[in-house]
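S.K.: A predicted structure for the sequence below; I have some questions about it.
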Amino acid sequence: MNLKSLDLNLLTALDALLREANVSRAAMRIGLSQPATSHALQRLREIFGDPLLVRTGARMELTPRALALRTPLAQALDQVRGLFVPDEFDAARSERQFRLMMPDLAVELLMPPLMEKVTRAAPNVRIDVVPWRGPAIFHAEFASTIDLVISIGNAFKGFHRQLLYTDSDALAVRRDHPMTAKLKRREAFLAARHVGVIIRGSSEDLIDTWLRTKGIERHIALIVSGYLEALHVAARTDLVAFVPRRLIAALSKQLGLVTVTPPLDPGIDEQFMFHPTRAQMDPGSIWLRRLMLETGRELEKRKAS
């Protein structure tokens, strides 16, 4: 392939076509007319010697060759865009959009104070928090769209991590729960009915993974997909939620919850901030990371009750 004869704008068209699998939507995505996008698709078919998109009934489907191109093309375009990143980030004038991925507990604890900082320094910057995905489904194409991840562990390939804040786990029950005082004892803890939290991309609640190493199994009566859901359920039922202590403290007054120290201590939770290695020197990323680390330090200084 002679790159001198290749119109690089075709790669942008190809990326849109592979993402949308639809000529009309691809045209809208890149701001071209439908005929121009159809012409681009025809040229791409000739270059690759493959139809790329084929009609199946009322819709279009990607060919195996097209599917194989999606991830490397997204990565290549991301690198090309990186060539044009400015040397400075003017927060006050920037209209940049950042995409963050974090579980709901991190949204609750970090985003309100972070947005106060962002609003003061960069009123036109937009922050998008996307639904959580565990490492098992955090594929390369999706990862290329993410600017920051807040998570425990160290399972995100191509990302650099920094400690953000620490926490511990505790039991949350409604204020007038009949077993509040007894739950500190192991027998009452095991007899209680619990609400478990299994976030997207995980196979079980991390608390249960830890308990199994101790040869212990608690009574799970309900499974939800988020920590906020678990606390809302605990606030209105006799179910017990075993969740991060800082989150309980943040919502105890609003939801009428009480924090109970569990008879079994899972130890310290470390929440990390991950950023793409490719963005290590990106001024905008550096700016956002600084604000997030500052927010984490402020949270760390506040003792969770």
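M.R.: The structure has been received and is ready for your questions.
S.K.: Every contact and neighbour count from this point should use C-alpha atoms.
M.R.: OK.
S.K.: Could you tell me the end-to-end distance of stretch 116-133?
M.R.: Across stretch 116-133, the straight-line distance between its terminal residues is 26 Å, by C-alpha to C-alpha, to the nearest Å.
S.K.: Identify each buried residue in it, please.
M.R.: Using 16 or more other C-alpha atoms under 10 Å as the burial criterion, the residues of stretch 116-133 that qualify are Lys117, Val118, Ala122, Pro123, Asn124, Val125, Arg126, Val129, Trp132, Arg133.
S.K.: Could I get the residues you listed in JSON lines, plus columns for distance to Leu69 and secondary structure?
M.R.: JSON lines is the format used below for these (distance: C-alpha to C-alpha, whole Å; DSSP: H, G, I helix; E, B strand; the rest coil):
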{"residue": "Lys117", "distance to Leu69": "40", "secondary structure": "helix"}
{"residue": "Val118", "distance to Leu69": "37", "secondary structure": "helix"}
{"residue": "Ala122", "distance to Leu69": "36", "secondary structure": "coil"}
{"residue": "Pro123", "distance to Leu69": "37", "secondary structure": "coil"}
{"residue": "Asn124", "distance to Leu69": "34", "secondary structure": "coil"}
{"residue": "Val125", "distance to Leu69": "32", "secondary structure": "coil"}
{"residue": "Arg126", "distance to Leu69": "30", "secondary structure": "strand"}
{"residue": "Val129", "distance to Leu69": "27", "secondary structure": "strand"}
{"residue": "Trp132", "distance to Leu69": "25", "secondary structure": "coil"}
{"residue": "Arg133", "distance to Leu69": "23", "secondary structure": "coil"}
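S.K.: Can you lay out those as a markdown table showing pLDDT and distance to Ser33?
M.R.: Shown next, in a markdown table, are the buried residues of stretch 116-133 (pLDDT from 0 to 100; distance: C-alpha to C-alpha, whole Å):
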| residue | pLDDT | distance to Ser33 |
| --- | --- | --- |
| Lys117 | 97 | 40 |
| Val118 | 97 | 37 |
| Ala122 | 97 | 34 |
| Pro123 | 96 | 33 |
| Asn124 | 96 | 29 |
| Val125 | 96 | 29 |
| Arg126 | 96 | 28 |
| Val129 | 96 | 31 |
| Trp132 | 81 | 35 |
| Arg133 | 79 | 35 |
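S.K.: Which one of these is nearest to Ala181?
M.R.: The shortest approach to Ala181 among these belongs to Trp132, at 34.7 Å (C-alpha to C-alpha).
S.K.: Could you give the backbone dihedrals for Leu100?
M.R.: Summarising the backbone geometry of Leu100 under the convention degrees, to the nearest 10, its torsions are phi -120, psi 150.
S.K.: following the helix or strand where Gly196 lies, which helix or strand shows up next?
M.R.: Counting by DSSP states H and E, the element that carries Gly196 is strand 193-197. Along the chain past strand 193-197, the next helix or strand (assigned with DSSP H and E) turns out to be helix 206-213.
S.K.: Please list the outside residues in contact with the host helix or strand of Arg246.
M.R.: For Arg246, the element it lies in under DSSP H and E is helix 245-255. By C-alpha atoms under 8 Å, 6 or more residues apart in numbering, the residues outside helix 245-255 that reach it are 105, 108-109, 167-172, 231-232, 235, 257-259, 304-305.
S.K.: rerun that using 10 Å as the cut-off
M.R.: The list of residues contacting helix 245-255 from outside it, by C-alpha atoms under 10 Å, 6 or more residues apart in numbering, reads 104-106, 108-109, 166-175, 227-228, 231-236, 241-242, 256-261, 269, 299-300, 302-305.
S.K.: any chance you could map the helices in the stretch 101-250 of the chain?
M.R.: Chain-ordered helices for the stretch 101-250 of the chain, with DSSP state H, counting those that start in this stretch as the definition, fall at 104-121, 140-143, 186-191, 206-213, 227-236, 245-255.
S.K.: can you redo those as a markdown table with distance to Ala68?
M.R.: Output for the helices of the stretch 101-250 of the chain, formatted as a markdown table (distance: least, C-alpha to C-alpha, whole Å):
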| stretch | distance to Ala68 |
| --- | --- |
| helix 104-121 | 33 |
| helix 140-143 | 11 |
| helix 186-191 | 49 |
| helix 206-213 | 34 |
| helix 227-236 | 37 |
| helix 245-255 | 42 |
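S.K.: Right, I'll leave it there.
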